[in-house]
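Visitor: All I have is the shape, not the residue letters:
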């Protein structure tokens, strides 16, 4: 069932687990996340990027997520979130479409401009009852990139504190050693995370969760991470399964037969993340 993101995040903070925020790219990935939530009695955040909105259309993707949440995961809380909105116009469209949370990512701008744009989004979002996520310290990497090393800059503690105080965001993301994609040299700076959590009391969002091992994720959750974004692992599971199925069945003419295994592949990846994040079976199992 579709709910406001605050219901999910507040419960996670109360009970001490983290919630997965999973990027979807099409109907199959949305179904995979919803099946994982329902079958593992877990809340989930389904997030879409601007490129996914461009691919599916804003209204279609909004209806896909709400319908999938209602029919595939009727007993589990699911929230719809915009990931990396790059402009005021972009986030306003999503707010008006019914998203309960939006991410304005102006982290590649100078800090003063980042604060100014984020404050503008916060003012509009809060007037509509929508949560706003801001970001400090630009995340590097490429969604879907796997392997190799990359230079990973980190956010400045003083910028994170100032940004949170001046913008009034509901949740905050900051570069603390992870990257978009999955690189071999990703390493969370736990001392920076500790200092941020000491000064900034709003929920902390960890971007780039695909490139880190399970023990590091568990330590991050103990250190105060409330939401973990997963994108690349879903892309990889979907594409590798589809490529293999196409190679194994070159004469298949029914797209559903080629695509169906991708739903199960995405569900398996998401289910494993839910167990690591501690949100699996945190919702009472529905009575039949």
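Guide: Noted; the coordinates are in hand. Predicted model, so just to flag it, every value in this text is computed and none were measured.

Visitor: Distance-wise, check residue 182 relative to residue 210.
Guide: Distance of residue 182 to residue 210, given as C-beta to C-beta, to the nearest Å: 5 Å. Heads up, the C-betas are built off the backbone N, CA and C, glycines and all.

Visitor: go on, residue 246?
Guide: Counting by C-beta to C-beta - residue 246 and residue 210 are separated by 24 Å.

Visitor: ok, now residue 31?
Guide: Note on residue 31: its distance to residue 210, by C-beta to C-beta, is 20 Å.

Visitor: Same drill for those two, tell me which one is more crowded.
Guide: Counted by other C-beta atoms under 10 Å, residue 31 and residue 210 do not tie: residue 210 has more neighbours, with 29 against 23.

Visitor: That one is in contact with residue 237, isn't it?
Guide: No. Residue 210 sits out of contact with residue 237 when judged by C-beta atoms under 8 Å, with a separation of 10.4 Å.

Visitor: In the protein, spot the strand with the most residues.
Guide: strand 78-85 (DSSP state E).

Visitor: What helices and strands are in contact with the next helix or strand after that one?
Guide: Counting by DSSP states H and E, the next helix or strand C-terminal to strand 78-85 is helix 88-97. For helix 88-97, the elements it packs on are helix 58-72, strand 78-85, strand 101-104, helix 111-127, judged by 3 or more C-beta pairs under 8 Å, 6 or more residues apart in numbering; DSSP states H and E.

Visitor: Give the other helices and strands that the last one contacts.
Guide: Applying 3+ C-beta pairs under 8 Å, 6+ apart, one finds that helix 111-127 makes contact with helix 88-97, strand 101-104, strand 131-136, helix 157-167.

Visitor: Recalculate using a threshold of 6 Å.
Guide: When contacts are defined as 3 or more C-beta pairs under 6 Å, 6 or more residues apart in numbering; DSSP states H and E, helix 111-127 sits against helix 88-97, strand 131-136, helix 157-167.

Visitor: And for that helix, what's in contact with it?
Guide: Contact partners of helix 111-127, identified using C-beta atoms under 6 Å, 6 or more residues apart in numbering, comprise 88, 91, 95, 104, 106, 132, 134, 159, 163, 166-169.

Visitor: can you pull out the strands in the stretch 151-288 of the chain?
Guide: For the stretch 151-288 of the chain, strands defined by DSSP state E, counting those that start in this stretch occupy the ranges 171-174, 180-182, 204-206, 225-230.

Visitor: who touches the first one?
Guide: So that's strand 171-174. The contact list for strand 171-174 (C-beta under 6 Å, 6+ apart) reads 133-137, 155, 160, 164, 202-203, 205, 207.

Visitor: Residue 99: which of these is nearest?
Guide: residue 133 (11.2 Å; C-beta to C-beta).

Visitor: Please report how far the closest one lies from residue 167.
Guide: Separation of residue 133 from residue 167 (C-beta to C-beta): 10 Å.

Visitor: again, but for residue 14
Guide: According to C-beta to C-beta, residue 14 and residue 167 sit 24 Å apart.

Visitor: In terms of neighbours, single out the busier of the two.
Guide: Taking neighbours as other C-beta under 10 Å, residue 14 and residue 167 compare with residue 167 leading, 23 against 8.

Visitor: show me what contacts residue 38?
Guide: Residues in contact with residue 38 (C-beta under 6 Å, 6+ apart) are 73, 76.
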